[in-house]
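K.L.:
Provided below for reference: sequence and predicted model.
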Amino acid sequence: MRQLALALEARPAHTLENFVAGRNAAALAAVRTLIDAPTGVIYLWGEPGCGRSHLLHAAAGTAESQDVNSALVLGLSPDWALAENMRLVAVDDVDRLGEADQIRLFDLCNDLRAVGGALLVSGSVSPATLALREDLRTRLASGLAFQLHPLTDAEKTLALRDYARDRGLRMAEDVVPYLLSHLQRDMATQIAVVDALDRYSLEQKRPVTLPLVRAALAEIQGEAREAKNG
């Protein structure tokens, strides 16, 4: 039960393994290649929920685990010092950068180009329509660009059922739709919950059915209320 509670309370780490590609397989493959040979520019774009931030977090974490000096730069007031002397830098939401930060990113592009490093960036619109400095927009459009597409409910359902089957976990047909309609819908959370339900069902020696899921969630909610009132 504790594992399931943790899966619901904490946002799971974004990894390349729990990124469900769907129609974004080419982008995922390009990011993997960039980590293995960190040079050049990749620009990912798409609407919220398409997975671009997931890929940036996952790429930076994977690169670091493979001893590739990497940094993830985030926020409306980015900490550019994180990017110093790095081989691979991931920058999220570049279309939201102010003038001063655009200059810093342009300088970073030049620095990485000089040492043969890699830049992985994301935005909500295509590189050609970025409302940024012309010199920066040109730099960001100089490499590969991929539009990311959010997974449909049907794709999420199929992916979660395939994931469970690959683990040897049998779930009732109505479990996945229930999880998608009652819990956070991002795939990292959904996969973490499936993992936790697998462990929980083994502990309880019961199959993963909708009554088991409802009972588990109700118990977690009850424990949370007791902790809050206590």
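P.N.:
All right, it came through fine. Numbering: from 1, shown residues only.

K.L.:
Every contact and neighbour count from this point should use C-alpha atoms.
P.N.:
Noted.

K.L.:
in the chain, which spans are helices?
P.N.:
For the chain, the helices defined by DSSP state H cover 2-9, 25-36, 52-65, 99-115, 134-140, 153-166, 175-182, 187-204, 210-229.

K.L.:
What residues sit buried inside the fourth one?
P.N.:
Same thing as helix 99-115. Under the neighbour-count criterion of 16 or more other CA atoms under 10 Å, helix 99-115 has 101, 102, 103, 105, 106, 108, 109, 112, 113 buried.

K.L.:
Would you mind finding the most buried of the helices of the chain?
P.N.:
Most buried of the helices of the chain by mean neighbour count (mean count of other CA atoms under 10 Å) is helix 52-65; its value is a mean of 21.

K.L.:
Are there helices or strands packed against that helix, and which ones?
P.N.:
helix 25-36, strand 70-73, strand 88-91, strand 118-123 (3 or more CA pairs under 8 Å, 6 or more residues apart in numbering; DSSP states H and E).

K.L.:
the inter-axis angle of it versus strand 118-123?
P.N.:
160 degrees (axes from the mean of the first three to the mean of the last three CA atoms, to 10 degrees).

K.L.:
Give me the distance from helix 52-65 to the chain's centre.
P.N.:
Remark: helix 52-65 is offset 8 Å from the chain centroid, using CA atoms, centre = their mean, to the nearest Å.

K.L.:
One more: stretch 142-151?
P.N.:
The answer for stretch 142-151 is 14 Å, by CA atoms, centre = their mean.

K.L.:
neighbours of the closest residue to residue 118 other than its chain neighbours, just the number please.
P.N.:
Closest residue in space to residue 118, ignoring its immediate chain neighbours: residue 39 at 4.0 Å, by CA to CA, 6 or more residues apart in numbering. For residue 39, the tally of surrounding residues (other CA atoms under 10 Å) stands at 19.

K.L.:
Please tell me I have it right and residue 39 contacts residue 117.
P.N.:
Yes - assessed by CA atoms under 8 Å, residue 39 is found in contact with residue 117 at 4.5 Å.
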